[in-house]
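# Generate a structure from the sequence data that follows.
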Amino acid sequence: MAGVFCLGIATLDYVYGVESMPTRGEKYRARDLAVVGGGCAGNASVAIARLGGRCWLATRLADDLTGDRIIADLAAESVEAGLSLRARGLRSPVSAILVDAQGERMIISYSDPAMPESADWLPPRLPDGVGAVLADTRWGEGALAALGLARRVGLPGVLDGDRRPPHPDLVATASHVAFSAQALREISGEDDPRAGLARLARDVPTWLAVTLGGDGVLFMAQDGVVHVPAFAVETVDTLGAGDVWHGAFALALAEGRDERAAIRFASAAAALKCTRFGGRLGAPTRDEVERFLAEAG
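Next comes the predicted model:
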(Lines give C-alpha, C1' and ligand atoms only; values in the text may rest on other atoms or scores of the structure.)
Protein backbone atom coordinates (compact mmCIF):
# COMPACT_ATOMS: atom_id res chain seq x y z
CA MET A 1 0.00 0.00 0.00
CA ALA A 2 1.52 3.31 -1.11
CA GLY A 3 1.39 6.16 1.41
CA VAL A 4 1.02 9.94 1.13
CA PHE A 5 1.71 12.49 3.85
CA CYS A 6 -0.72 15.41 3.45
CA LEU A 7 -0.44 18.81 5.08
CA GLY A 8 -2.85 21.72 4.89
CA ILE A 9 -6.38 22.78 5.66
CA ALA A 10 -9.26 20.58 6.81
CA THR A 11 -12.69 22.11 7.36
CA LEU A 12 -16.31 21.32 8.13
CA ASP A 13 -18.46 22.24 5.13
CA TYR A 14 -22.16 23.03 5.00
CA VAL A 15 -23.00 22.39 1.34
CA TYR A 16 -26.35 23.70 0.07
CA GLY A 17 -27.78 22.66 -3.27
CA VAL A 18 -29.60 25.56 -4.96
CA GLU A 19 -31.17 26.11 -8.38
CA SER A 20 -29.16 29.28 -9.01
CA MET A 21 -26.79 31.56 -7.13
CA PRO A 22 -28.48 34.28 -5.04
CA THR A 23 -28.23 37.79 -6.45
CA ARG A 24 -30.20 39.78 -3.87
CA GLY A 25 -30.50 40.00 -0.09
CA GLU A 26 -33.58 37.77 0.23
CA LYS A 27 -34.52 34.44 1.78
CA TYR A 28 -33.76 31.34 -0.34
CA ARG A 29 -34.60 27.67 0.08
CA ALA A 30 -32.02 24.94 -0.63
CA ARG A 31 -33.05 21.76 -2.44
CA ASP A 32 -30.33 19.66 -0.78
CA LEU A 33 -27.84 19.80 2.09
CA ALA A 34 -24.68 17.91 2.99
CA VAL A 35 -22.66 18.51 6.16
CA VAL A 36 -19.29 17.03 5.37
CA GLY A 37 -15.59 17.47 5.99
CA GLY A 38 -13.76 19.60 3.44
CA GLY A 39 -10.64 21.65 2.82
CA CYS A 40 -7.91 21.07 0.24
CA ALA A 41 -5.78 18.69 2.30
CA GLY A 42 -8.76 17.14 4.08
CA ASN A 43 -10.47 16.26 0.81
CA ALA A 44 -7.25 15.05 -0.78
CA SER A 45 -6.50 12.78 2.17
CA VAL A 46 -9.93 11.16 1.99
CA ALA A 47 -9.54 10.71 -1.78
CA ILE A 48 -6.22 8.94 -1.22
CA ALA A 49 -7.73 6.60 1.38
CA ARG A 50 -10.71 5.74 -0.84
CA LEU A 51 -8.32 5.03 -3.71
CA GLY A 52 -6.54 2.43 -1.61
CA GLY A 53 -3.61 4.45 -0.32
CA ARG A 54 -2.47 4.99 3.23
CA CYS A 55 -2.71 8.63 4.27
CA TRP A 56 -1.40 10.77 7.11
CA LEU A 57 -2.77 14.30 7.56
CA ALA A 58 -1.24 17.16 9.52
CA THR A 59 -3.68 20.06 9.89
CA ARG A 60 -4.38 22.92 12.28
CA LEU A 61 -7.64 22.75 14.22
CA ALA A 62 -9.03 24.13 17.46
CA ASP A 63 -10.02 22.14 20.53
CA ASP A 64 -13.72 22.73 19.76
CA LEU A 65 -16.66 20.56 18.70
CA THR A 66 -16.09 21.41 15.04
CA GLY A 67 -12.54 20.13 15.30
CA ASP A 68 -13.79 16.96 16.98
CA ARG A 69 -16.21 16.39 14.09
CA ILE A 70 -13.49 16.98 11.48
CA ILE A 71 -11.15 14.46 13.14
CA ALA A 72 -13.94 11.91 13.59
CA ASP A 73 -14.93 12.15 9.92
CA LEU A 74 -11.31 11.68 8.83
CA ALA A 75 -10.89 8.66 11.11
CA ALA A 76 -14.06 7.13 9.64
CA GLU A 77 -12.37 7.36 6.22
CA SER A 78 -9.19 5.65 7.55
CA VAL A 79 -7.13 8.86 7.41
CA GLU A 80 -4.48 9.02 10.14
CA ALA A 81 -4.85 12.55 11.55
CA GLY A 82 -3.05 12.07 14.87
CA LEU A 83 -0.31 14.49 13.82
CA SER A 84 -2.74 17.42 13.79
CA LEU A 85 -2.55 20.47 16.06
CA ARG A 86 -5.53 21.21 18.37
CA ALA A 87 -5.13 24.85 19.46
CA ARG A 88 -6.87 25.93 22.67
CA GLY A 89 -9.52 28.61 22.67
CA LEU A 90 -9.65 29.11 18.89
CA ARG A 91 -12.17 28.13 16.21
CA SER A 92 -11.74 25.37 13.64
CA PRO A 93 -12.22 26.18 9.93
CA VAL A 94 -15.76 26.08 8.53
CA SER A 95 -17.32 26.87 5.14
CA ALA A 96 -20.79 27.62 3.80
CA ILE A 97 -21.00 26.49 0.17
CA LEU A 98 -23.69 26.93 -2.48
CA VAL A 99 -23.78 24.52 -5.43
CA ASP A 100 -26.11 25.48 -8.31
CA ALA A 101 -27.92 23.29 -10.84
CA GLN A 102 -24.91 23.44 -13.21
CA GLY A 103 -22.56 22.13 -10.52
CA GLU A 104 -20.71 25.42 -10.00
CA ARG A 105 -20.03 26.52 -6.44
CA MET A 106 -19.71 29.62 -4.29
CA ILE A 107 -17.68 29.28 -1.09
CA ILE A 108 -17.68 31.44 2.04
CA SER A 109 -15.01 30.17 4.42
CA TYR A 110 -13.66 31.10 7.82
CA SER A 111 -10.27 30.29 9.32
CA ASP A 112 -9.28 31.66 12.72
CA PRO A 113 -6.62 34.36 12.12
CA ALA A 114 -5.06 33.53 15.49
CA MET A 115 -4.15 29.98 14.42
CA PRO A 116 -0.39 29.49 15.05
CA GLU A 117 1.84 29.86 11.97
CA SER A 118 4.85 28.06 13.45
CA ALA A 119 5.62 24.60 12.08
CA ASP A 120 7.91 23.59 14.96
CA TRP A 121 5.41 20.99 16.22
CA LEU A 122 5.61 18.92 13.03
CA PRO A 123 7.59 15.65 13.16
CA PRO A 124 11.25 15.90 12.10
CA ARG A 125 10.88 13.01 9.64
CA LEU A 126 8.15 11.46 7.54
CA PRO A 127 6.26 8.38 8.81
CA ASP A 128 7.44 5.00 7.58
CA GLY A 129 5.67 4.01 4.39
CA VAL A 130 5.30 7.50 2.91
CA GLY A 131 5.96 7.54 -0.84
CA ALA A 132 4.98 11.15 -1.56
CA VAL A 133 4.06 14.40 0.17
CA LEU A 134 1.14 16.68 -0.73
CA ALA A 135 0.74 20.20 0.66
CA ASP A 136 -1.68 23.04 -0.06
CA THR A 137 -1.09 26.81 0.14
CA ARG A 138 -3.22 27.60 3.20
CA TRP A 139 -0.31 27.31 5.65
CA GLY A 140 2.95 28.46 4.10
CA GLU A 141 5.34 27.57 6.91
CA GLY A 142 3.90 24.08 7.25
CA ALA A 143 3.90 23.45 3.50
CA LEU A 144 7.54 24.55 3.23
CA ALA A 145 8.51 22.20 6.08
CA ALA A 146 6.63 19.21 4.61
CA LEU A 147 7.95 19.71 1.09
CA GLY A 148 11.44 20.16 2.50
CA LEU A 149 11.17 16.76 4.22
CA ALA A 150 10.21 15.18 0.90
CA ARG A 151 13.09 16.83 -0.94
CA ARG A 152 15.64 15.72 1.67
CA VAL A 153 14.72 12.05 1.25
CA GLY A 154 14.18 12.18 -2.51
CA LEU A 155 10.40 11.66 -2.57
CA PRO A 156 7.87 13.49 -4.76
CA GLY A 157 6.66 16.65 -3.04
CA VAL A 158 3.45 17.93 -4.63
CA LEU A 159 2.12 21.45 -4.08
CA ASP A 160 -1.58 22.08 -4.69
CA GLY A 161 -1.24 25.61 -6.06
CA ASP A 162 -4.92 26.54 -6.03
CA ARG A 163 -3.92 29.96 -4.67
CA ARG A 164 -0.81 32.08 -5.13
CA PRO A 165 1.82 30.42 -2.88
CA PRO A 166 2.23 32.47 0.34
CA HIS A 167 5.96 31.67 0.65
CA PRO A 168 8.44 32.59 -2.12
CA ASP A 169 10.34 29.29 -1.84
CA LEU A 170 7.38 26.90 -2.06
CA VAL A 171 7.40 26.35 -5.83
CA ALA A 172 11.14 25.70 -5.96
CA THR A 173 11.02 23.38 -2.92
CA ALA A 174 8.28 21.18 -4.38
CA SER A 175 9.16 18.58 -7.01
CA HIS A 176 5.71 18.96 -8.62
CA VAL A 177 3.28 21.90 -8.65
CA ALA A 178 -0.20 21.82 -10.17
CA PHE A 179 -1.71 25.30 -10.26
CA SER A 180 -5.26 26.50 -10.71
CA ALA A 181 -5.68 28.84 -13.68
CA GLN A 182 -6.12 31.84 -11.37
CA ALA A 183 -3.04 31.09 -9.26
CA LEU A 184 -0.89 30.54 -12.36
CA ARG A 185 -2.09 33.84 -13.81
CA GLU A 186 -1.29 35.67 -10.58
CA ILE A 187 2.19 34.23 -10.12
CA SER A 188 3.27 34.36 -13.79
CA GLY A 189 1.57 37.56 -14.89
CA GLU A 190 0.36 35.77 -18.04
CA ASP A 191 -3.30 35.43 -19.06
CA ASP A 192 -2.51 32.48 -21.35
CA PRO A 193 -1.83 29.38 -19.19
CA ARG A 194 0.57 27.98 -21.79
CA ALA A 195 2.62 31.15 -21.63
CA GLY A 196 2.38 31.16 -17.84
CA LEU A 197 3.81 27.64 -17.54
CA ALA A 198 6.59 28.40 -20.01
CA ARG A 199 7.55 31.55 -18.15
CA LEU A 200 7.71 29.86 -14.74
CA ALA A 201 9.63 26.90 -16.14
CA ARG A 202 12.52 29.21 -17.00
CA ASP A 203 12.96 30.14 -13.35
CA VAL A 204 12.44 26.91 -11.35
CA PRO A 205 13.52 23.26 -11.78
CA THR A 206 10.07 22.06 -10.68
CA TRP A 207 7.65 19.98 -12.79
CA LEU A 208 4.76 22.34 -13.52
CA ALA A 209 1.13 21.86 -14.52
CA VAL A 210 -2.16 23.75 -14.49
CA THR A 211 -5.59 22.18 -14.05
CA LEU A 212 -8.34 23.76 -16.18
CA GLY A 213 -11.46 21.88 -15.10
CA GLY A 214 -13.40 20.73 -18.13
CA ASP A 215 -10.60 21.90 -20.42
CA GLY A 216 -8.19 19.33 -19.02
CA VAL A 217 -4.60 19.74 -17.83
CA LEU A 218 -1.52 21.42 -19.29
CA PHE A 219 1.97 20.40 -18.15
CA MET A 220 5.54 21.28 -19.08
CA ALA A 221 7.56 18.62 -20.89
CA GLN A 222 11.04 18.81 -22.38
CA ASP A 223 9.62 19.71 -25.78
CA GLY A 224 7.10 22.28 -24.53
CA VAL A 225 3.60 22.42 -23.10
CA VAL A 226 1.47 19.26 -23.37
CA HIS A 227 -2.33 19.15 -23.18
CA VAL A 228 -4.22 16.23 -21.58
CA PRO A 229 -7.99 16.48 -22.25
CA ALA A 230 -10.53 16.06 -19.46
CA PHE A 231 -12.99 13.18 -19.37
CA ALA A 232 -16.49 14.17 -20.48
CA VAL A 233 -19.08 13.63 -17.72
CA GLU A 234 -22.42 15.10 -16.68
CA THR A 235 -21.42 17.57 -13.97
CA VAL A 236 -23.48 17.68 -10.77
CA ASP A 237 -21.05 19.24 -8.26
CA THR A 238 -17.50 20.48 -8.85
CA LEU A 239 -16.84 21.09 -5.14
CA GLY A 240 -13.68 19.22 -4.09
CA ALA A 241 -12.86 17.99 -7.59
CA GLY A 242 -9.50 19.76 -7.63
CA ASP A 243 -8.64 18.38 -4.20
CA VAL A 244 -9.51 14.86 -5.34
CA TRP A 245 -7.34 15.42 -8.42
CA HIS A 246 -4.32 16.41 -6.33
CA GLY A 247 -4.77 13.53 -3.90
CA ALA A 248 -5.04 10.99 -6.71
CA PHE A 249 -2.06 12.55 -8.52
CA ALA A 250 0.14 12.35 -5.40
CA LEU A 251 -0.91 8.75 -4.78
CA ALA A 252 -0.12 7.78 -8.35
CA LEU A 253 3.38 9.27 -8.00
CA ALA A 254 3.83 7.41 -4.70
CA GLU A 255 2.93 4.21 -6.55
CA GLY A 256 5.68 4.88 -9.09
CA ARG A 257 3.64 6.10 -12.07
CA ASP A 258 5.06 8.74 -14.37
CA GLU A 259 3.46 12.17 -14.57
CA ARG A 260 1.35 11.56 -17.68
CA ALA A 261 -0.12 8.36 -16.22
CA ALA A 262 -0.67 10.12 -12.89
CA ILE A 263 -2.58 12.92 -14.65
CA ARG A 264 -4.87 10.43 -16.38
CA PHE A 265 -5.57 8.60 -13.12
CA ALA A 266 -6.20 11.84 -11.25
CA SER A 267 -8.42 13.25 -13.99
CA ALA A 268 -10.59 10.13 -13.92
CA ALA A 269 -11.00 10.37 -10.14
CA ALA A 270 -11.91 14.08 -10.37
CA ALA A 271 -14.38 13.46 -13.21
CA LEU A 272 -16.21 10.80 -11.20
CA LYS A 273 -16.37 13.13 -8.19
CA CYS A 274 -18.04 15.80 -10.37
CA THR A 275 -20.95 13.46 -11.10
CA ARG A 276 -22.00 13.40 -7.41
CA PHE A 277 -23.34 16.03 -5.02
CA GLY A 278 -21.85 16.69 -1.61
CA GLY A 279 -18.20 17.73 -1.95
CA ARG A 280 -15.88 14.93 -0.92
CA LEU A 281 -18.81 12.57 -0.32
CA GLY A 282 -18.49 11.97 -4.05
CA ALA A 283 -14.82 10.94 -4.00
CA PRO A 284 -14.60 7.59 -5.85
CA THR A 285 -13.10 4.27 -4.84
CA ARG A 286 -10.21 2.56 -6.61
CA ASP A 287 -12.50 0.04 -8.30
CA GLU A 288 -14.72 2.84 -9.64
CA VAL A 289 -11.76 4.68 -11.15
CA GLU A 290 -10.30 1.56 -12.73
CA ARG A 291 -13.66 0.63 -14.27
CA PHE A 292 -14.10 4.16 -15.55
CA LEU A 293 -10.64 4.14 -17.16
CA ALA A 294 -11.24 0.71 -18.70
CA GLU A 295 -14.48 1.92 -20.27
CA ALA A 296 -12.84 5.14 -21.48
CA GLY A 297 -10.18 3.08 -23.29
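# so where do the helices sit in this protein?
Taking DSSP state H to define them, one finds helices in the chain at 40-50, 65-76, 140-152, 170-173, 181-188, 193-201, 241-254, 259-274, 286-296.
# Of all these, which one is nearest Gln222?
Nearest to Gln222 among the helices of the chain is helix 193-201 (10.3 Å), distances taken as CB to CB. The way it works is simple: take the backbone N, C-alpha and C, and place the C-beta from them, glycine included.
# Give me the most central residue, the protein.
Asp243 (2.7 Å; CA atoms, centre = their mean).
# State the distance from the closest residue to Leu7 other than its chain neighbours to Leu155.
Leaving out its chain neighbours, the residue that sits closest to Leu7 by CB to CB, 6 or more residues apart in numbering is Ala146, at 4.2 Å. Ala146 is 11 Å from Leu155, where distance means CB to CB, to the nearest Å.
# Tell me which of the two has more neighbours.
Between Ala146 and Leu155, Ala146 has the larger neighbour count (other CB atoms under 10 Å), namely 28 against 20.
# Hmm, the more buried one is touching Leu159, no?
No. Using CB atoms under 8 Å, Ala146 is not in contact with Leu159; the gap is 9.6 Å.
# overlap in contacts of those two?
Ala135 (CB atoms under 8 Å, 6 or more residues apart in numbering).
# Which residues are in contact with each of Ala146 and Leu155?
Common contacts of Ala146 and Leu155 (CB under 8 Å, 6+ apart): Val133.
# Quick check: the gap between the residue lying closest to Asp64 once chain neighbours are set aside and Arg31.
Of all residues not flanking Asp64 in the chain, Ser92 sits nearest, at 5.6 Å (CB to CB, 6+ apart). Distance, Ser92 to Arg31, by CB to CB: 28 Å.
# Between the two, which has more neighbouring residues?
Each of Ser92 and Arg31 has its neighbours counted (other CB under 10 Å); Ser92 has more, 26 against 11.
# Just list the residues touching the more buried one, thanks.
Ser92 sits next to 11-12, 61-62, 64, 66-67, 70, 112 when contact means CB under 8 Å, 6+ apart.
# Adding distance to Ala183 and pLDDT, write these out as CSV.
Shown next, in CSV, are the contacts of Ser92 (distance: CB to CB, whole Å; pLDDT from 0 to 100):
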residue, distance to Ala183, pLDDT
Thr11, 19, 97
Leu12, 24, 97
Leu61, 25, 98
Ala62, 27, 98
Asp64, 30, 97
Thr66, 27, 98
Gly67, 28, 98
Ile70, 25, 98
Asp112, 23, 97
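# For Leu239, state which of these is nearest.
After measuring the contacts of Ser92 against Leu239 - CB to CB - the closest member comes out as Thr11, at 11.7 Å.
# what sits opposite that closest one in the beta ladder?
Gly38 (DSSP bridges).
# What distance do you get for the closest residue to Val35 other than its chain neighbours to Pro193?
Nearest residue to Val35, sequence neighbours excluded (CB to CB, 6+ apart): Tyr14, at 5.6 Å. Separation of Tyr14 from Pro193 (CB to CB) stands at 32 Å.
# Please say which of those two ends up with more neighbours.
Neighbour count, other CB under 10 Å: between Tyr14 and Pro193, Pro193 has more, with 22 against 18.
# Quick one: neighbours of the residue nearest to that one when sequence neighbours are not counted, just the number.
Distances taken as CB to CB, 6+ apart place Val210 nearest to Pro193, at 4.8 Å, with adjacent residues excluded. Counted with other CB under 10 Å, the neighbours of Val210 add up to 27.
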